[in-house]
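> Quick check, what structure comes out for this input:
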Amino acid sequence: MGGGSLPGETLPTWLVAIACDSPDTLAARLRRNDPPVIARIEDGRLVLDPRTVQVGEEKALFEAMLKQ
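A predicted model of the protein is given here:
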């Protein structure tokens with residue numbers, strides 16, 4: 001949490017996991033979006049954490065996903 005200020009601590013959240021043929025490629029394309037979308041890969045799926053999306057940013061996230 002917080003860039004290492006509390007190692008081993010976690011925050012509860014829900015994740016959105018997207019199964020796709022190439023999660024690395026999708027993650028790279030999302031990072032190049034304007035604004036960038038940062039995701040991680042777990043168990044071969046692209047994973048987004050909605051906790052990191054601020055109010056008002058939802059539309060930009062949906063538009064970025066639709067471009068892909």
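> Helices along the protein, start to end?
Using DSSP state H, the helices of the chain run over 23-31, 58-67.
> relative to helix 23-31, how tilted is the last one?
Between helix 58-67 and helix 23-31, the angle comes out at 130 degrees (axes from the mean of the first three to the mean of the last three Cα atoms, to 10 degrees).
> Can you pull out the residues in contact with helix 58-67?
30, 33, 35, 37, 48, 53 (Cβ atoms under 8 Å, 6 or more residues apart in numbering). Every residue, glycine included, has its C-beta placed from N, CA and C.
> so can I have CSV of the residues you listed showing pLDDT?
What follows is those, written out as CSV (pLDDT from 0 to 100):
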residue, pLDDT
30, 95
33, 94
35, 91
37, 94
48, 94
53, 89
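> Number of residues surrounding the closest residue to residue 36 other than its chain neighbours?
Leaving aside its sequence neighbours, residue 36 sits nearest to residue 30 (Cβ to Cβ, 6 or more residues apart in numbering; 7.1 Å). For residue 30, the neighbour count with other Cβ atoms under 10 Å is 19.
> Wait, residue 30 touches residue 41, no?
No: using Cβ atoms under 8 Å, residue 30 is not in contact with residue 41, being 11.3 Å away.
> Can you give me the buried ones in the helix or strand of the chain with the lowest mean pLDDT?
Using mean pLDDT, DSSP states H and E, the weakest-scoring helix or strand in the chain turns out to be helix 58-67, at a mean of 91. In terms of neighbour count (16 or more other Cβ atoms under 10 Å), helix 58-67 has its buried residues at 61, 64-65.
> Looking at these, spot the one nearest residue 22.
Nearest to residue 22 among the buried residues of helix 58-67 is residue 65, at 15.1 Å by Cβ to Cβ.
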